[in-house]
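Student: have a look; sequence and predicted model below, questions after that.
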Amino acid sequence: MKNVIVLVLGDWSHDGHSKSSIITIRSNLTKSEIEKAYEAGSKEVGFSFTADVCSSDNNLITQEQIELLENADIDTSDILPPQAWTEGSSVDEECFFDIYMEIVELGNPELEWERIYHEENHIRIDGYGLFR
């Protein structure tokens, strides 16, 4: 797996609340192929997860959206809490990432990926005063 892909969750443009999170993966698919796989998976699911869940000021996934995911053979039982089936659920960063990757894999079953935990590779070069 030679492609290093950086997924940015949250306010990636920093024109709103400026809070975001980065998750890095290594994948056999390119960035473009992942984007295409997500689009194909979204069609199979019946809605755009990234556009419809956590797209503005809410972080909720509805019971109906969960049913659509499950109907497309995406098992959310290890991702969402048990009460999500009856009342929907809030979604955190890990949950959002996990469901996104499940949809990508649905769109391209040949996807192989691993998460890169790069904290140990960070070089902290200071510059604290840059952000005053």
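Tutor: That came through fine.

Student: give the buried residues for the strand or helix carrying Ile22.
Tutor: Assigned by DSSP states H and E, Ile22 belongs to strand 20-27. Buried residues in strand 20-27, counted by 16 or more other C-beta atoms under 10 Å: Ile23, Ile25, Ser27. Placement of C-beta: from N, CA and C, glycine included.

Student: closest one to Ser77 out of those residues, please.
Tutor: Ranked by distance to Ser77 (C-beta to C-beta), these are led by Ile23 at 21.7 Å.

Student: ok, now how distant is the residue nearest the centre of the chain from Asp52?
Tutor: With distances taken as C-alpha atoms, centre = their mean, the chain has Phe97 as the residue nearest its mean C-alpha position (2.7 Å). Separation of Phe97 from Asp52 (C-beta to C-beta, to the nearest Å) stands at 16 Å.

Student: quick check: Ile74 is in a helix.
Tutor: No: secondary structure of Ile74 (DSSP: H, G, I helix; E, B strand; the rest coil): coil, not part of a helix.

Student: so the residue nearest to the centre of the chain versus Arg124, what's the distance?
Tutor: 24 Å.

Student: ok, now Gly107?
Tutor: Separation of Gly107 from Arg124 (C-beta to C-beta) stands at 37 Å.

Student: of these two, who's got more company?
Tutor: Gly107 (21 against 6; other C-beta atoms under 10 Å).

Student: OK, contacts around that one?
Tutor: Going by C-beta atoms under 8 Å, 6 or more residues apart in numbering, Gly107 touches Lys36, Ala37, Tyr38, Glu39, Ala40, Gly41, Ser42, Lys43, Glu44.

Student: could you dump the helix or strand of the chain with the lowest mean pLDDT to PDB, C-alpha only?
Tutor: Taking mean pLDDT, DSSP states H and E as the measure, the chain has helix 84-87 as its least confident helix or strand, at a mean of 72. The C-alpha trace of helix 84-87 is given here as PDB (Å, rounded to 0.1, in the frame of the first residue of the first chain):
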ATOM      1  CA  ALA A  84     -28.900   4.400  18.000                       C
ATOM      2  CA  TRP A  85     -31.400   1.900  16.400                       C
ATOM      3  CA  THR A  86     -34.300   3.400  18.300                       C
ATOM      4  CA  GLU A  87     -33.500   7.000  18.700                       C
END
